[in-house]
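J.: can't give you the sequence, but here's the structure:
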């Protein structure tokens with residue numbers, strides 16, 4: 001078991017001239033006081049470094065917006081640029097009481113220690129279950145719970161169960177308290193002698209095509225919770241007007257596809273139903289010419305982004321040239337086939353999942369502040385889609401939520417409200433349907449987790465696909 005770390009180290013370094021480069025901790029004295037070195041100073045801003053292994057912190061200042069915020073995951077460090085004036089810095093995190101720190105001309109090497117307390121009266125606590133093997137199935141009070149990431153569990157005594165083939169099952173009572181937020185389980189291999197009785201039985205073939213079996217196996221559980229949707233601090237100056245005002249949203253649990261729907265999966269749908277996609281009925285789909293989008297005859301879901309017939313190697317790429325109507329038809333067929341409720345994600349569900357669920361990370365893109373590590377976009381895609389799952393995932397294990405293809409959402413497009421919302425589904429009607437995530441052709445600012453786009457529900461193009469949600 002690991003002891004919880006609930007202290008922040010806040011280092012404030014101020015200067016009024018020169019060029020911002022880097023401040024860093026080079027060593028520590030015997031009393032753990034950091035020795036700070038600076039490579040240069042900077043104009044019209046103050047650099048605030050906050051060291052913490054608690055991710056997802058939010059910051060605001062009493063005198064206006066923070067100019068820039070960046071989270072260095074490797075260093076567990078937040079880097080803020082604020083106006084060099086007398087002010088109050090507010091630091092908050094979900095599940096903790098907001099902290100206030102007065103910044104009144106502090107010395108360049110001033111060091112402040114303060115503790116983050118759990119919110120009084122709260123009946124749940126954010127904890128971390130470190131589990132080996134990492135693909136073990138964890139449940140807390142009979143509820144499926146992700147491993148190796150921060151989750152919320154009730155305070156007090158809970159039932160913890162761990163299961164994994166070839167390992168001994170863990171089934172125990174665990175007391176969750178404010179004094180400990182990290183829990184570690186190393187499962188033991190089951191080496192006991194087992195008497196195997198061989199039986200001859202005929203297994204009934206699965207009614208699901210293999211690509212659909214894969215889709216079902218790759219659905220990821222997303223625990224519901226609260227989050228701030230829209231233009232949050234890490235988006236800085238990249239926010240567009242459609243992303244404002246930021247507002248709180250509460251969501252129930254749901255499952256979402258680990259990957260975007262592939263060509264192979266959509267082909268199984270068409271083979272089973274003889275479905276004629278919108279592009280077939282409309283006589284073609286739009287292809288990027290290098291300067292604009294132009295409709296080309298004969299282009300449909302069987303074509304790649306360039307409008308060429310798909311090769312066998314591209315069947316694990318996300319399907320493109322599908323309209324919103326095509327995506328809904330796929331979901332309806334999948335629901336009937338599996339007797340489960342599949343649909344497109346709402347816009348709120350999509351953003352919540354892209355940000356990492358209820359323990360949202362302060363990253364501009366889905367899983368990182370570095371788009372190259374998690375997404376295919378204009379600068380690295382080579383002008384084409386790529387096989388799903390080749391880039392790094394986000395905190396929930398979801399792939400390609402930034403880049404590769406735009407993903408249709410269930411909602412009609414509409415402006416945001418500042419009011420708190422519970423399971424929002426967007427306007428009752430409209431002209432355009434929401435699309436999220438950016439694509440292989442997008443600039444970085446269009447691939448952000450809060451960025452919004454929209455198109456007519458009958459439209460299709462070489463950068464448009466979707467993923468599914470299951471209730």
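T.: Arrived safely, thanks for sending. Given the structure is predicted, the values throughout are model-derived calculations rather than measurements.
J.: for the most centrally placed residue in the chain, helix, strand, or coil?
T.: To find the centre residue of the chain, average its C-alpha atoms and take the closest one (CA atoms, centre = their mean): that gives residue 354, at 2.6 Å. Going by DSSP: H, G, I helix; E, B strand; the rest coil, the secondary structure assigned to residue 354 is helix.
J.: And it, how close does it get to residue 437?
T.: Counting by CB to CB, to the nearest Å, the separation of residue 354 from residue 437 is 7 Å. C-beta coordinates here come from the backbone N, C-alpha and C atoms, glycine included.
J.: Also residue 138?
T.: If you measure residue 138 against residue 437 using CB to CB, the figure is 29 Å.
J.: Residues in contact with both of residue 354 and residue 437, list them for me.
T.: When contacts are counted by CB atoms under 8 Å, 6 or more residues apart in numbering, the set common to residue 354 and residue 437 consists of 366, 401, 402.
J.: residue contacts, the first one?
T.: In this structure, residue 366 makes contact with 354, 355, 374, 375, 394, 398, 401, 402, 437, 449, judged by CB under 8 Å, 6+ apart.
J.: ok, of the shared contacts of residue 354 and residue 437, which one's closest to residue 90?
T.: Set against residue 90, the nearest of the shared contacts of residue 354 and residue 437 by CB to CB is residue 366 (26.4 Å).
J.: And that closest one, what's its pLDDT?
T.: As predicted, residue 366 sits at a pLDDT of 95.
J.: now residue 80
T.: Predicted confidence (pLDDT) for residue 80: 74.
J.: What is the helix or strand hosting it packed up against?
T.: Secondary-structure element containing residue 80, defined by DSSP states H and E: strand 77-82. Taking 3 or more CB pairs under 8 Å, 6 or more residues apart in numbering; DSSP states H and E as the contact definition, the neighbouring helices and strands of strand 77-82 are strand 46-51, strand 58-61, strand 68-72.
J.: Would you format the ones you listed as JSON lines with mean pLDDT, distance to residue 274 and mean neighbour count included?
T.: Below are those laid out as JSON lines (pLDDT from 0 to 100; distance: least, CB to CB, whole Å; neighbours: other CB atoms under 10 Å):
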{"stretch": "strand 46-51", "mean pLDDT": "72", "distance to residue 274": "59", "mean neighbour count": "21"}
{"stretch": "strand 58-61", "mean pLDDT": "81", "distance to residue 274": "51", "mean neighbour count": "17"}
{"stretch": "strand 68-72", "mean pLDDT": "73", "distance to residue 274": "50", "mean neighbour count": "18"}
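J.: how about residue 445, secondary structure?
T.: When states are read from three-state DSSP, the local structure at residue 445 comes out as helix.
J.: Wait, it touches residue 237, no?
T.: No: no contact is recorded between residue 445 and residue 237 when judged using CB atoms under 8 Å, the distance being 9.5 Å.
J.: Checking residue 418 next. Helix, strand or coil?
T.: Put simply, residue 418 is coil when judged by three-state DSSP.
J.: show me what contacts residue 461?
T.: With contact set as CB under 8 Å, 6+ apart, residue 461 has these partners: 285, 286, 287, 288, 293, 320, 321, 455.
J.: Among these, the buried ones, what's the PyMOL command?
T.: The PyMOL command for the buried members of these (criterion: 16 or more other CB atoms under 10 Å) is given here:
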select buried, resi 285+286+287+288+320+321+455
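J.: any idea which of the contacts of residue 461 is the one closest to residue 67?
T.: When the contacts of residue 461 are ranked by distance to residue 67 (CB to CB), residue 455 comes first, at 34.0 Å.
J.: Domain boundaries for this structure, per the record?
T.: 7-115, 124-201, 219-470 (automatic domain parsing).
J.: For the nearest residue to residue 257 once chain neighbours are set aside, grab the count of nearby residues.
T.: With sequence-adjacent residues excluded and distances taken as CB to CB, 6 or more residues apart in numbering, residue 257 is closest to residue 467, at 4.0 Å. The number of residues packed around residue 467, counting by other CB atoms under 10 Å, is 28.
J.: Over to residue 428?
T.: Residues contacting residue 428 under the criterion other CB under 10 Å number 7.
J.: Which elements pack onto the helix or strand where residue 333 lies?
T.: Secondary structure assigned from DSSP H and E places residue 333 in helix 324-338. Other helices and strands packing on helix 324-338, by 3+ CB pairs under 8 Å, 6+ apart, are helix 210-217, helix 263-273, strand 342-343.
J.: Tell me which of these lies nearest to residue 382.
T.: Taking CB to CB as the measure, the helices and strands packed on helix 324-338 were each checked against residue 382, and helix 263-273 came out nearest at 18.0 Å.
J.: Now do whatever helix or strand comes next after the closest one: distance to the chain's middle.
T.: With elements assigned by DSSP H and E, the helix or strand that comes after helix 263-273 is helix 278-282. Put simply, helix 278-282 sits 33 Å off its chain's centre (CA atoms, centre = their mean, to the nearest Å).
J.: who touches helix 278-282?
T.: 285, 299, 300, 301, 321, 322, 323, 325, 326, 458, 460.
J.: want to throw those residues into TSV with secondary structure, pLDDT and distance to residue 92?
T.: Shown next, in TSV, are the contacts of helix 278-282 (DSSP: H, G, I helix; E, B strand; the rest coil; pLDDT from 0 to 100; distance: CB to CB, whole Å):
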residue	secondary structure	pLDDT	distance to residue 92
285	strand	97	46
299	coil	97	49
300	coil	97	49
301	coil	97	45
321	coil	98	44
322	coil	98	41
323	coil	97	42
325	helix	97	42
326	helix	97	42
458	coil	97	44
460	coil	97	43
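J.: ok so, going back, would you reformat the contacts of residue 366 as JSON lines and include secondary structure and pLDDT?
T.: What follows is those, written out as JSON lines (DSSP: H, G, I helix; E, B strand; the rest coil; pLDDT from 0 to 100):
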{"residue": "354", "secondary structure": "helix", "pLDDT": "96"}
{"residue": "355", "secondary structure": "helix", "pLDDT": "94"}
{"residue": "374", "secondary structure": "helix", "pLDDT": "96"}
{"residue": "375", "secondary structure": "coil", "pLDDT": "97"}
{"residue": "394", "secondary structure": "coil", "pLDDT": "92"}
{"residue": "398", "secondary structure": "coil", "pLDDT": "95"}
{"residue": "401", "secondary structure": "coil", "pLDDT": "97"}
{"residue": "402", "secondary structure": "coil", "pLDDT": "97"}
{"residue": "437", "secondary structure": "coil", "pLDDT": "97"}
{"residue": "449", "secondary structure": "coil", "pLDDT": "96"}
